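Colleague: Quick one: sequence plus predicted model below, questions after.
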Amino acid sequence: MKRITVLLMLNVMMLISCTGIAQKQTFDVISYEVPRGWEQKQNDASVQLTATDKSSGAYVMAIITRAKPSAASAGDNFTDQWSKAIKEQVELDGEPVMQAPSKGNGWDIVTGGAGYTDNGTKGNIALLSATGNGQTVSVIVMTNSKKYEQDLSVFLNSLELSKTVQKSEASSAESSTGNNVNPSSLVGLWVDYKAEVSGYSNGVPMYSAGYFRKEYLFKENGTYVFRVKNWSATMKEILFIYETGTWKVNGNQLTIAPTGGKGEWWGKAASGRTTGWGSRIRLAAIKKETVAYNFELHYYEGVKETHLLLSSNLPTEREGSSNNGSQKNSWSYVPRKQGNSMIDNPPGFKP
């Protein structure tokens, strides 16, 4: 078995309970120690740790992802993450060598690793996927040199998963799921903001300045505003969508019925700033669609937030196919304070 894989497997139990003497940092539900000399970069979705020896070309990378909602099993989450974050991005030498699943702090942990080839150089990569209380999180480590084995051991020994709780112990916020939802719980701003990934380098996502943002503002009077702003580094124009209508709750169904709205394509600001606008170019074709979603307000202990989970039998005009991992026709929105939206209307825009 590959050495890095062995290192990861031997440290799985330490991930659950270790409390190192060095001061730790925390990203979402995982605490960790940064080995000396490693660089750290963080975005909304993950924290990335790297070290490189330019003279020899040796490198090591570790990625800790933010926990995200998931109703899938621990095994399915591992398979999904291995496929999307590793198999599709790295030239692997074979299928992952798996270890027996383990448990701790309310998490089901699945681990596996394999060799890979990068520009003719051999390396090893391993994935730890943890699933608990309706959410999943992962740690990816990879290196092409034994030079970093000691650093990797320090990093892996420092990892610590926060304790997750069983549904029966969860916050009272979770009691507002299913048929027990008070419609007033939906009032407010719910968002799905994502940074644009321009590609991958050795399995590590490379982020452009672009973004894809959509949001619902549910008002107390039973009306809503749905907005989309897509600023992509690969496109010359900005897509903006503004839709209004009514919403109502019946049991675990949320019906959203548009009554107005439009989409527009805009040019980018001459300065190139992602917050700027150019001139309006043309209308964008959008279809107003009434949808009766199944929905749930689910409290995630790890991130200490209640998320709005929507699902449908088919893709929708507003959401597309899915934004919720491997779950088909499923969408997750997180709460955000009203007045703190990251979507602005174009200059002179009139609904």
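Modeller: Yep, that arrived. Numbers count the residues shown, from 1 in each chain.

Colleague: ranges for the strands of the stretch 201-350 of the chain?
Modeller: Taking DSSP state E, counting those that start in this stretch as the criterion, the stretch 201-350 of the chain carries its strands at 204-218, 223-231, 237-250, 253-267, 280-284, 291-300, 305-311, 330-336.

Colleague: Dump the last one to PDB, keeping only the CA atoms.
Modeller: Right, strand 330-336. What follows is the C-alpha trace of strand 330-336 in PDB, where atoms were taken according to Å, rounded to 0.1, in the frame of the first residue of the first chain:
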ATOM      1  CA  SER A 330     -32.100  19.000  -4.900                       C
ATOM      2  CA  TRP A 331     -31.100  22.500  -3.900                       C
ATOM      3  CA  SER A 332     -29.700  24.000  -0.700                       C
ATOM      4  CA  TYR A 333     -29.900  27.700   0.300                       C
ATOM      5  CA  VAL A 334     -28.300  29.300   3.400                       C
ATOM      6  CA  PRO A 335     -29.700  32.200   5.400                       C
ATOM      7  CA  ARG A 336     -28.300  35.600   5.000                       C
END
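
Colleague: returning to that earlier point: turn the strands of the stretch 201-350 of the chain into JSON lines, including mean pLDDT and distance to Val197.
Modeller: Heads up, the C-betas are built off the backbone N, CA and C, glycines and all. Shown next, in JSON lines, are the strands of the stretch 201-350 of the chain (pLDDT from 0 to 100; distance: least, CB to CB, whole Å):
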{"stretch": "strand 204-218", "mean pLDDT": "85", "distance to Val197": "5"}
{"stretch": "strand 223-231", "mean pLDDT": "96", "distance to Val197": "14"}
{"stretch": "strand 237-250", "mean pLDDT": "96", "distance to Val197": "18"}
{"stretch": "strand 253-267", "mean pLDDT": "95", "distance to Val197": "22"}
{"stretch": "strand 280-284", "mean pLDDT": "94", "distance to Val197": "23"}
{"stretch": "strand 291-300", "mean pLDDT": "89", "distance to Val197": "23"}
{"stretch": "strand 305-311", "mean pLDDT": "88", "distance to Val197": "22"}
{"stretch": "strand 330-336", "mean pLDDT": "90", "distance to Val197": "18"}
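
Colleague: domains of this structure?
Modeller: As given by automatic domain parsing, the domain ranges for the chain are 3-164, 174-336.

Colleague: Show me what the lengthiest helix in the chain is packed up against.
Modeller: Counting residues, the longest helix in the chain under DSSP state H turns out to be helix 149-158. With contacts defined as 3 or more CB pairs under 8 Å, 6 or more residues apart in numbering; DSSP states H and E, helix 149-158 has these neighbours: helix 3-10, helix 12-17, strand 30-32, strand 58-65, strand 135-143.

Colleague: hmm, 10 Å instead?
Modeller: Here helix 149-158 touches helix 3-10, helix 12-17, strand 30-32, strand 46-53, strand 58-65, strand 121-132, strand 135-143, going by 3 or more CB pairs under 10 Å, 6 or more residues apart in numbering; DSSP states H and E.
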